[in-house]
Every structure is written in C-alpha cells, then in structure tokens.
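S.K.: quick one: sequence and predicted model below, then my questions.
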Amino acid sequence: MSTAILPMKPTMSKYETLFHRHHANPILSGKDWPYSMNSVFNAGATLLADGSTLLLCRVEDRRGLSHLCAARSANGVDGWQIDREPTLLPNPEDYPEEVWGIEDPRITFVPELKKYAVAYTSYSRGGPGVSLALTEDFRSFERFGVVMVPDDKDAALLPRRINGFWALIHRPMTPLGAHVWISYSPDLRHWGSHKLMLEARRGAWWDANKIGMSPPPIETSRGWLMIYHGVRRTPSSSIYRLGLALFDLQEPEKCLVRGDSWMFAPEAEYERQGDVQDVVFPCGYTVAADGDTINLYYGAADSSIALAHGSIRSLLAWLDANGHSEHGGDRRHK
Ligand code: BMA
C-alpha cells in the first residue's frame, strides 16, 4: 500500500481543530427521554422541509436491545420534541433479522423518490446485517428487509443514482479485515457490482484493521467527502476516532485523497466515559444555509448524543494538506 512509509509533513507544526464541540454537549441523553430506556446515542440526522432538524436516535433498553426514536428541534440544538413512544421498533415476526434490535441509522434524502432512505443495522442471530427502509415523514416506514447479509453494517444510500444505479456504501466483515465497500442496484432490492472503496490500514495506524463509514458522504463539487471511523484496538479497549477521505463523484469507489491522521477523537469526559469508553460515532449531519457549515451529530461513549460544528471548505483544505492520493485500481491484491 502506498501509505507504508510516510514522513510527517515538515510544515505541520500543530494539529488543526476541524470540529468544535457545542458548549451544551451532550445535547441529548437518557434523562431527556419520555419513556424508560438505558441510553441514547448514534443518531441519524436530516433537515426536514420546514428547516427543522430531525434526529433518528438509537435507543437501547435495559434488555440491551435497540430501537429507533425520532427527536425534532427547530434549531438542531435544543427544544427537542421526542416521540412519546418508539418510532421504529424491531419487528422480528416479519423481519427475523431484527430479533436482537435495530441500530445506528443513516438517513439520506432521495429527491427522485421524494423520500428519506434509512439504512440501519439489523441485529440477527447471524450477526449484524444492513436493512433499508423508506419514509416520507418518519412516522410510517416501508421496510425493504435485509439488503446486505451479516456480518455487515455502517451503511448509507447515496442520494442519487450513479450511471443509472442506486449505490449503497457499507462495511462487510471479512477474514482479511473490515473495509468499506460500495454496491449497486437497479431497484434498491437486488444488489451487486460490489467494489472495495476504502481499506483499513495495517500495523500501528490509527485506522488499522477496522474502519467504517460514519455519516452518509457529503456531496461536494470536488467529490463525495466521507467521514469514517477507525478503530484502534488497545490492550485494554478500543478507541473510535474519525478520519476523512474524498471519492470521485461519478465513480465513488475511486478514492481521490485520504487523510493520514485522524481529525476528531474522544477527548471530552462524555466521550471518554460511558457504557463504552472512548467512542465518538457520528451517524448524521446537517448542512447550514450557508452551504458550508456542517453540524455533526455523534454518539458519545454509547451513552449520549453530542454536536460539533465544522466547515466543509476547511475539511477539504485539510485533506489537501494532510492527505495523499490513493492510486486507483483494486487494492485487494496489494
Ligand atoms: C460499533 C457499533 C456502534 C458502537 C461502537 C462502539 O461496532 O456497533 O454502534 O457505537 O461499536 O461500541
């Protein structure tokens, strides 16, 4: 791999802060909930037609099983109106793959369908798989069932067809590692043309062995900008940190630039301590009216939802300064 020996950039004097934590963090946690539960984290996010923010939160109950619950806010920070009851519950009778719950939703608004696509993890006896549902209002959902068999997760649909085909980014587990793939479909039900998109690095790297897409990719004029998580296994636990990569708009499996270092990591108390320590795990974002400010919603230590602000322009500039191009082709053999 071209990343094997990379000298530090000589001009780099201090790590840049790309995402600024909101002072009200964590913005949502179990104490805000209208019904009994254990914890709330890893929320999908979208702007609704009226400009308000919707979070589709992963809520874990005291059995350890998760469901999804919608929270709406005019400013995306406070004043959340949380559904009084679970919004989307696992339905193992009709969808046996949901027997151990549904988790980590990623929302994509699809203009062609005038609907939101929700890709979520369905936790089956065979492990986690990827399920897909469409909704217009986050009240009723049209379920498509499992679209990627276990062991697979961290999925999102692209908002438009690529060369006539729908595209789903996801993270299958293989004996060689946990890498990000993209698959194509004519109808959202039948998937194929699987392509490797981004590989976990190896050895001492922060993103060695296991990576996954975090929120859905951000469409920019320069390409699909992906915030991904890298998992560093340590002797005592794992650390979930975030990095950046940019992909070709017309050929999204083609990585144009990949950042070398992580750009956001657990630092605040609510990210370092919780049900699972040292986790920042964004599943969604919204973009402000200026077209540049990104509001990143992330699960903190599997225990609450936090918010951080960044700038898409700055993320791209950082990639130029701190990344390298991954030279095309299929990297599976390297
Ligand atoms: C990942 C996912 C996330 C979770 C993270 C840390 O594998 O399952 O839902 O936040 O682990 O526990």
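M.R.: Perfect, I can see it now.
S.K.: use CA for all of it now, contacts and neighbours both
M.R.: Noted.
S.K.: get me the contact residues on this protein for the ligand.
M.R.: Contact residues (CA under 6 Å from any ligand atom) of the chain with the ligand: 104, 276, 279, 281, 302.
S.K.: skipping its backbone neighbours, what lies nearest the most centrally placed residue in the chain in space?
M.R.: What sits nearest the mean C-alpha location of the chain, by CA atoms, centre = their mean, is residue 214, with 2.3 Å. Of all residues not flanking residue 214 in the chain, residue 228 sits nearest, at 4.8 Å (CA to CA, 6 or more residues apart in numbering).
S.K.: what is the neighbour count of the one you found?
M.R.: 27 (other CA atoms under 10 Å).
S.K.: secondary structure element holding it?
M.R.: Take DSSP states H and E as the rule and residue 228 turns out to sit in strand 223-233.
S.K.: what is that strand packed up against?
M.R.: strand 211-213, strand 218-220, strand 238-247 (3 or more CA pairs under 8 Å, 6 or more residues apart in numbering; DSSP states H and E).
S.K.: and among these, the most buried is which?
M.R.: Per residue and on average, the most neighbours among the helices and strands packed on strand 223-233 fall to strand 211-213, with a mean of 28 (mean count of other CA atoms under 10 Å).
S.K.: got the phi and psi for residue 92?
M.R.: phi -70, psi -20 (degrees, to the nearest 10).
S.K.: just the mean pLDDT for the longest helix along the chain, thanks.
M.R.: The longest helix of the chain (DSSP state H) is helix 312-322. Taken as a whole, helix 312-322 has an average pLDDT of 97.
S.K.: returning to what we had before: of all the residues of the chain next to the ligand, which two lie farthest apart?
M.R.: 104 and 276 (14.9 Å; CA to CA).
S.K.: looking at these two, which is more packed in?
M.R.: Using other CA under 10 Å as the criterion, residue 104 and residue 276 rank with residue 104 on top: 31 against 15.
S.K.: regarding the more buried one, which helix or strand does it belong to?
M.R.: Assigned by DSSP H and E, residue 104 falls in strand 102-110.
S.K.: direction-wise, compare the helix or strand just after that strand with strand 102-110 and give the angle.
M.R.: Per DSSP H and E, strand 102-110 leads on to strand 115-124 as the next helix or strand towards the C-terminus. Interaxial angle, strand 115-124 versus strand 102-110 (axes from the mean of the first three to the mean of the last three CA atoms, to 10 degrees): 160 degrees.
S.K.: quick one: strands adjacent to strand 115-124?
M.R.: strand 102-110 (antiparallel), strand 127-135 (antiparallel) (DSSP bridges).
S.K.: quick one: closest of the ones you listed to residue 74.
M.R.: strand 102-110 (18.2 Å).
S.K.: circling back: hey, what's the residue nearest to residue 214 bridged with?
M.R.: Assigned bridge partners for residue 228, using DSSP bridges, are residue 213, residue 243.
S.K.: any idea how far it lies from residue 113?
M.R.: 27 Å (CA to CA, to the nearest Å).
S.K.: now swap in residue 173 and tell me
M.R.: 30 Å.
S.K.: spell out the residue ranges of the strands in the stretch 151-300 of the chain.
M.R.: Here the stretch 151-300 of the chain has its strands, by DSSP state E, counting those that start in this stretch, at 152-157, 166-174, 177-178, 180-185, 192-198, 211-213, 218-220, 223-233, 238-247, 255-259, 280-287, 293-300.
S.K.: those strands: lowest mean pLDDT?
M.R.: strand 177-178 (a mean of 93).
S.K.: returning to that earlier point: tilt between the strand holding residue 228 and strand 255-259?
M.R.: Going by the same axes, to 10 degrees, strand 223-233 makes 50 degrees with strand 255-259.
S.K.: distance to residue 244 and mean pLDDT added to the strands paired with strand 115-124, as a markdown table?
M.R.: Putting the strands paired with strand 115-124 into a markdown table (distance: least, CA to CA, whole Å; pLDDT from 0 to 100) gives the following:
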| stretch | distance to residue 244 | mean pLDDT |
| --- | --- | --- |
| strand 102-110 | 17 | 99 |
| strand 127-135 | 23 | 98 |
